[in-house]
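Peer 1: sequence? don't have it. structure:
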C-alpha cells in the first residue's frame, strides 16, 4: 500500500476536525452536568457528594483536553511526515535528473549515488 503526502494531509485534517469536535461537544454539554451546591439538600453527606461530582467533572475536563491534545499532536506529526515524504521525493527527482558533471563535482550526490 502506497501512502501519499495528500493521504497524510487528509488524515491530519481529520485529526484536527475531531479534536475541535471533541472540545466543542464537551464544552457545550459540560454545563448541563453541573449541580448546584444545594442539590444534595441538607444531608450530612451532601457537601461531599457535590464535591465528588465537581471533582469528577474537573477530571473529565482534563481527560477530554488531553485527548484533544493527542489528536492535535497526531495532526502535527502527520503533516511533518507528509512534508518529509514530499521533500524526499523532490530530492530523489533532483538526483535522478543530475547531470554527469553534477555527479562528479557534488560530494553529496557522489555519496548518495555511491560514486567514488
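Peer 2: Looks like it arrived, so ask away. If you're wondering where the values come from, they're calculated on a predicted model, not measured in any experiment.
Peer 1: make it CA atoms for all contacts and neighbour counts henceforth
Peer 2: OK.
Peer 1: Look up which helix or strand residue 2 falls in, please.
Peer 2: Using DSSP states H and E, residue 2 sits within no helix or strand.
Peer 1: Centre of the chain to the helix or strand where residue 90 lies, how far?
Peer 2: If you go by DSSP H and E, residue 90 is part of helix 46-96. Distance of helix 46-96 from the chain centroid (C-alpha atoms, centre = their mean, to the nearest Å) equals 3 Å.
Peer 1: what's it packed up against?
Peer 2: Counting contacts by 3 or more C-alpha pairs under 8 Å, 6 or more residues apart in numbering; DSSP states H and E, helix 46-96 packs against helix 5-33.
Peer 1: what distance separates the helix it packs on from the middle of the whole chain?
Peer 2: For helix 5-33, the distance to the chain centre is 10 Å (C-alpha atoms, centre = their mean).
Peer 1: looking just at contacts, which helices and strands does it meet?
Peer 2: helix 46-96.
Peer 1: Give the helix, strand or coil label for residue 42.
Peer 2: coil (DSSP: H, G, I helix; E, B strand; the rest coil).
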